[in-house]
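Undergrad: can you look at this prediction? I've put the sequence above it.
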Amino acid sequence: MENGKWKMENSNKSIIRNLFLVFNFAFLIPCAFAQEQPPAPSAPREVKIPAVQNSELPNGLKVAVVERKIVPLVTVSLLLNAAAAKGELKDGLANTTASLLTKGTKTRTATQIAEQIEFLGGNISATANWNSTVVSVNVTSDKLEQAIAIMSDVVLNPTFAPKEIELFKTQTNDELTVALKQPGSLASFVASRYTFGEHNAIGTTESLKNIQQADIAKFYRETYLPNRAVLIFAGDVSRENAGALAKKYFGTWNNPKMSTPKIDAPQVPTAAMVKKMQSEPSKTVIGKILVVDLPKSGQAAVTYAKKLGLGRVNCFEEKCQLDATYYPSAVTNTILGGGYSARLNAEIRIKQGLSYGASSSLASRNDQTNLFARVQTKNETAAKVVELVAAEIERLGSGTAEETELTPRKLTLTGAFGSSLETTDGLAARLTDLYTFGLSADELNNYMTRVRNVSAEEVKKFALANLNGGDIIVVGDAKIFMDDLKKRFPTQKIEVISASELDLNREDLRKEKKVSGVTNLKLN
């Protein structure tokens, strides 16, 4: 009996003790979450890039090497001045050519290329964008020579077999068919033509039909030239070894005696142009509103697109330098939509709950920069989101960012930059960006300091001078949001085009129609 009483008392004490711990823990929880301000960000880490060692082969191929022997990995990227071709309904030619490099050579089939790279534990890729073509391999340092042998074969000996061309076209057309039914991707295609005056790098279903083997071979012959290329090594490789491999596998790359095709030089902004743009900024955020009616779409895509007349990189007589707006524009973008805590996402997702995400980005060309802000939301809230996006862009130029916002946003930018340099492919990609515009590799070591030195006043000045006057493009089920859109923007002209009537090969976006035997090009 005494023993049973002891067990009961001990059990009661245990229950009381557990309840005490539970109640104390419950009181501790609110304390943990009661903190109103997150801890201050730690001091930024300095990133020091090893010296880039440059050399050149007799055929004009430039070789750049960055030794980093932390891990036994190497990335090799061949940068070619073979940018997205356009005109004569051949949009997507550069991307088609690049994509076919790994689909068969004079000595290897597409399957053999894939199997041999996989056997080495590496990967190979070839892509083209608006500025260049890049062929890359990633592999462990002990397999580097075998990988370079395959890489040189796909670059120097592609066959562009007809069956591979047709297969690529079929696959790309399938991807395009799906993409053009999605509000977000359709908005991107539309902005390329409507706002930026260019085309999507992969082309359209119509332009791909016009690309033939002869076009691909001609583009390859005229643009894949050693004196217009840079071979970049990053990782566990010495300058001597890299130079030997470059000479062995790319030294026989012929540089045709014929003159290099003339490339139109980008427009260099004069002092008068710069002054005009800075002194006469648009006073309204929205220049035009275009609605692309996509009936029965599950959601709507809201896009703000603005072509900045000045490039963030300016070139003259084959020499390039960063424009004064380069770093202020980068900081402005990261405040607007460059991350989870950026203004667009904070307002539209976190505060209003109208989207799963809102972001913005900048894309550089030699002679212009494209600003693109995007949000996907319900059709019912599309008009409200348009209003919120416009308000955030206006706020960038009308107010001054507080240091409590500016510092963390700049740290986000420098942190992402530092992280990208931790891998060999990230380091090679950063070098590729610089060499694309003919910039010095020293910019890698200047980046952190230059970003940190951007002031709130510079952000405001850049936003006021450059961000207003862009286009709002809304893709979605128009019958759901049009009335609301008109109410919120009663004085704004709103142009509407049916998605079924779009022609992405035309500047005015509208398909040609014949009325009484006469072609009607203006169907406003």
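TA: Cool, the structure landed. These numbers come from a predicted model, not from an experiment.

Undergrad: pretty sure residue 180 contacts residue 186?
TA: Yes - contact criterion Cβ atoms under 8 Å: residue 180 and residue 186 qualify, at 5.3 Å. C-beta: built from backbone N, CA, C; applies to glycine.

Undergrad: which of those two has more neighbours?
TA: residue 186 (23 against 17; other Cβ atoms under 10 Å).

Undergrad: now the more buried one: which helix or strand?
TA: helix 183-194 (DSSP states H and E).

Undergrad: which secondary structure elements does the helix or strand just after that helix contact?
TA: Downstream of helix 183-194, the first helix or strand assigned by DSSP H and E is helix 205-209. Packing partners of helix 205-209 (3 or more Cβ pairs under 8 Å, 6 or more residues apart in numbering; DSSP states H and E): helix 162-179.

Undergrad: what residues sit buried inside the helix it packs on?
TA: 164-165, 168-169, 172, 176 (16 or more other Cβ atoms under 10 Å).

Undergrad: tell me which other helices or strands that helix touches.
TA: Counting by 3+ Cβ pairs under 8 Å, 6+ apart, helix 162-179 packs on helix 93-100, helix 183-194, helix 205-209, helix 213-223.

Undergrad: coming back round to it: same for the helix holding residue 186, what does it pack against?
TA: helix 162-179, strand 286-293, strand 300-308, strand 369-377, strand 470-476.

Undergrad: what's the angle from that helix to strand 300-308?
TA: Counting by axes from the mean of the first three to the mean of the last three Cα atoms, to 10 degrees, helix 183-194 lies at 30 degrees to strand 300-308.

Undergrad: rounded mean pLDDT for helix 183-194, please.
TA: Here helix 183-194 scores 95 as its mean pLDDT.

Undergrad: do stretch 109-116 as well
TA: Mean predicted confidence for stretch 109-116 is 97.

Undergrad: same check, this time on stretch 348-363
TA: The model assigns stretch 348-363 a mean pLDDT of 96.

Undergrad: for the stretch 1-150 of the chain, which spans come out with low pLDDT?
TA: 1-47, 84-89 (pLDDT under 70).

Undergrad: residue ranges of the strands in it, please?
TA: Secondary structure of the stretch 1-150 of the chain, counting by DSSP state E, counting those that start in this stretch: strands at 53-56, 62-67, 73-80, 123-128, 133-140.

Undergrad: wait, doesn't residue 108 sit right on residue 153?
TA: Yes - in this structure residue 108 lies within contact range of residue 153 using Cβ under 8 Å: 6.2 Å.

Undergrad: quick one on the thing from earlier: now mean neighbour count too, for the strands of the stretch 1-150 of the chain, in TSV please.
TA: As requested, the strands of the stretch 1-150 of the chain are exported to TSV (neighbours: other Cβ atoms under 10 Å):
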stretch	mean neighbour count
strand 53-56	14
strand 62-67	22
strand 73-80	25
strand 123-128	20
strand 133-140	22
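
Undergrad: how much space between the residue nearest the centre of the chain and residue 308?
TA: By Cα atoms, centre = their mean, the mean C-alpha position of the chain lies nearest to residue 363, the distance being 6.4 Å. Distance of residue 363 to residue 308, computed by Cβ to Cβ, to the nearest Å: 10 Å.
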